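Chemist: I would like the atomic coordinates for the input below:
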Amino acid sequence: MSSAKARSSPSPLADPAIAEIWRAAAAKIGFAITRTRDVYATSDGQGTIAIGADDTLDVDDALAQLVFHELCHALTEGEAAARLPDWGLDNVAEHVVREHACLRFAAHLAGRFGLRAAMAPTTDYRAYHDALAADPLADDGDPATAIARATRVRFEASPWRAAIEAALVRTGALTELRHPLGFAWGPAGETCGGCAWLYVGGRGAPVARCRQTAPAVGDGARTEAAARACARWEPPVDCHACGACCREAYHSVTVSVRDPVVWQ
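Modeler: Residues are numbered from 1 along each chain as shown. Reported below is the predicted structural model:
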């Protein structure tokens, strides 16, 4: 992989604590992370991901960003790819489309946690990444888009999801640039507990979650009532002052996994 750069400022992820977050996340999934002076980033198909040693990487590289990228490659290529060197990719024409699909999915996923820019590639593919629309999965005629969309569906059902999303949440919190869920900081003095988007539920024991982070199908990310509010904070709805719920303003009703209609 080329290491030509499009930026030269230090990565906000170049922090030993953040590196440890991604080592631990990879371990939960089943990968060991090693450092090497021989390659930039590679997988051996036997459970080891090798990342270039710090002194071989450029200033804007970080272990977290590189591990995240490799995991996104594995997700893009599918479960069987984890048993193939470099996820079964080679330097043929189709590789470019697969790389673009990986970048689209990575931008989508990291963007949900406010880390899209921090997790951006620092290779020649950076220009492609930076040119993506606000919604990198929006159909724009690029053949990589359909692959990235399929990756999102696969990820939402993947056993890797919990470990990767937890690592993204913790990474966002440690950068101190964002709310732990990835959004910009909100009004001072407000908390998640006072937000209309907070709910208690989800699979397993009910916990505080944020509807703003929920995918089309599935639970919102975990949060804490005492956490400082993010930019999407809104006061609880006062139905007596609204009344729009009985008109056309609402188009869907959230149904939890415990709702009787789901059982039936």
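Chemist: so what are the domain limits for this protein?
Modeler: Domain assignment for the chain, taken from automatic domain parsing, gives 16-156, 184-263.
Chemist: and residue 240, which of the three is it?
Modeler: Of the three states, residue 240 takes helix according to DSSP: H, G, I helix; E, B strand; the rest coil.
Chemist: ok, back up a step: and the domains of the chain, which one's lowest on average pLDDT?
Modeler: When mean pLDDT is averaged over each of the domains of the chain, domain 184-263 scores lowest at a mean of 81.
Chemist: tell me where the stretch 101-250 of the chain has strands.
Modeler: Under the criterion DSSP state E, counting those that start in this stretch, the stretch 101-250 of the chain contains strands at 198-201, 207-210.
Chemist: mind checking the domains of the chain for the one nearest to residue 172?
Modeler: Proximity to residue 172 (Cβ to Cβ) singles out domain 16-156 among the domains of the chain, at 4.9 Å. Backbone N, C-alpha and C define where each C-beta goes, glycine included.
Chemist: span of the closest one from start to end?
Modeler: Using Cα to Cα, to the nearest Å, the end-to-end distance of domain 16-156 comes to 29 Å.
Chemist: same question for stretch 214-221.
Modeler: End to end - Cα to Cα - stretch 214-221 spans 7 Å.
Chemist: what comes up buried for that stretch?
Modeler: Within stretch 214-221, the residues that count as buried by 16 or more other Cβ atoms under 10 Å are 214, 219-221.
Chemist: related to what we said a few turns ago, deepest-packed of the strands of the stretch 101-250 of the chain, please.
Modeler: Mean neighbours per residue, mean count of other Cβ atoms under 10 Å, is largest over those for strand 207-210, with a mean of 19.
Chemist: show residues contacting that one.
Modeler: Where contact means Cβ atoms under 8 Å, 6 or more residues apart in numbering, the residues beyond strand 207-210 that reach it are 181, 192-193, 195, 197-202, 219-225.
Chemist: following element in sequence after that strand, please.
Modeler: helix 260-263 (DSSP states H and E).
Chemist: out of the strands of the stretch 101-250 of the chain, flag the one nearest residue 130.
Modeler: Smallest distance to residue 130 across the strands of the stretch 101-250 of the chain (Cβ to Cβ): 27.9 Å, for strand 207-210.
Chemist: list the contacts of the nearest residue to residue 107 once chain neighbours are set aside.
Modeler: What sits nearest to residue 107 in space, not counting adjacent residues and going by Cβ to Cβ, 6 or more residues apart in numbering, is residue 136, at 4.2 Å. Residues in contact with residue 136 (Cβ under 8 Å, 6+ apart) are 103-105, 107-108, 111, 148.
Chemist: repeat that for 10 Å
Modeler: Residue 136 is in contact with 100, 103-111, 116, 129, 142, 144-145, 148, counting by Cβ atoms under 10 Å, 6 or more residues apart in numbering.
Chemist: out of the strands of the stretch 101-250 of the chain, nearest to residue 42?
Modeler: Short answer: strand 207-210, nearest of those by Cβ to Cβ, at 36.3 Å.
Chemist: show me where the protein has its helices.
Modeler: 16-29, 63-77, 93-111, 126-130, 143-156, 161-175, 260-263 (DSSP state H).
Chemist: identify, out of these, the most deeply packed stretch.
Modeler: Neighbour counts (mean count of other Cβ under 10 Å) averaged over each of the helices of the chain peak at helix 63-77, with a mean of 25.
Chemist: against which helices or strands is it packed?
Modeler: In terms of contacts (3 or more Cβ pairs under 10 Å, 6 or more residues apart in numbering; DSSP states H and E), helix 63-77 is packed against helix 16-29, strand 32-36, strand 41-43, strand 48-52, helix 93-111, helix 143-156, helix 161-175.
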